[in-house]
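S.K.: give me the fold of what follows.
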Amino acid sequence: MPKIKEIERTPNPDAMRFVLGEPLTNGVTKSFENAGDAEGNELASSLFAIDHVINVYFVDKYVTVTQDGDAVWSELLRQLAPPIREATPQTDAVEDDEVHATKEVQESDDPRLIEINKMLDEQVRPYLLADGGGLKILGLDGDRLKVHYQGACGTCPTATSGTLYAIESMVKRIDPEIQVVSV
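M.R.: Residues are numbered from 1 along each chain as shown. Got it, this is the predicted structure:
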């Protein structure tokens, strides 16, 4: 059973990150956008069963829960803590092959996509993870790179402005014609 060491605010006022004393997964990232996505995952399903929960994201010793903005955190935290404390480590968890990029992106031989994904792995995703979230590349449509924010980043006001602008600036070093859009 994971012990909650800390509960941290994220840059997103509607998301909190639980820091655990022991790993929940062994490096495996899980992102659940809704209760349907959570089917088959006991922890995510139990968190979605709590009113106001709209997103669950976890990896290693971190669980990020995003609410719809209608709950009072002090009350919601009391409901979220028990299922997280009671969660069984998911040592057999398997990484979603498409957690960071769609199959189409992974199988692409477009050198721009390969370089963008590498740049995101090295320069962007570690910082988003520290804030309780992640980023998935959905595809490159001509000169439009489509990305999807995960976890706390999904509804964060700064994700669609500051972070997206920073990512686009980095991507423009690879190809100045590319525009980055969040979907």
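S.K.: now K136, what's its secondary structure?
M.R.: Using DSSP: H, G, I helix; E, B strand; the rest coil as the criterion, the local structure at K136 reads strand.
S.K.: could you check how far it is from M119?
M.R.: Between K136 and M119 the distance, using C-beta to C-beta, to the nearest Å, works out to 15 Å. (Each C-beta comes from the backbone N, C-alpha and C, glycine too.)
S.K.: those two - which one has more neighbours?
M.R.: For K136 versus M119, neighbours defined as other C-beta atoms under 10 Å are more numerous around K136 (19 against 16).
S.K.: which residues does that one contact?
M.R.: Going by C-beta atoms under 8 Å, 6 or more residues apart in numbering, K136 touches S31, E98, V99, H100, A101, T102, V147, H148, Y149, Q150.
S.K.: try 6 Å this time
M.R.: H100, H148 (C-beta atoms under 6 Å, 6 or more residues apart in numbering).
S.K.: quick one: the helices in this protein?
M.R.: For the chain, helices defined by DSSP state H occupy the ranges 42-48, 73-86, 103-106, 111-123, 125-130, 164-174.
S.K.: tell me how many other residues crowd V105.
M.R.: If you count neighbours by other C-beta under 10 Å, V105 ends up with 21.
S.K.: and for Y62?
M.R.: What Y62 shows, counting by other C-beta under 10 Å, is a neighbour count of 20.
S.K.: OK, contacts around it?
M.R.: With contacts defined as C-beta under 6 Å, 6+ apart, Y62 is in contact with R17.
S.K.: hey, what's it bridged with?
M.R.: According to DSSP bridges, the residues that bridge with Y62 are V19, V59.
S.K.: rebuild the helices of the chain as JSON lines, extending it with mean pLDDT and distance to P11.
M.R.: Converted to JSON lines, the helices of the chain look like this (pLDDT from 0 to 100; distance: least, C-beta to C-beta, whole Å):
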{"stretch": "helix 42-48", "mean pLDDT": "97", "distance to P11": "21"}
{"stretch": "helix 73-86", "mean pLDDT": "97", "distance to P11": "15"}
{"stretch": "helix 103-106", "mean pLDDT": "92", "distance to P11": "26"}
{"stretch": "helix 111-123", "mean pLDDT": "94", "distance to P11": "18"}
{"stretch": "helix 125-130", "mean pLDDT": "90", "distance to P11": "10"}
{"stretch": "helix 164-174", "mean pLDDT": "94", "distance to P11": "13"}
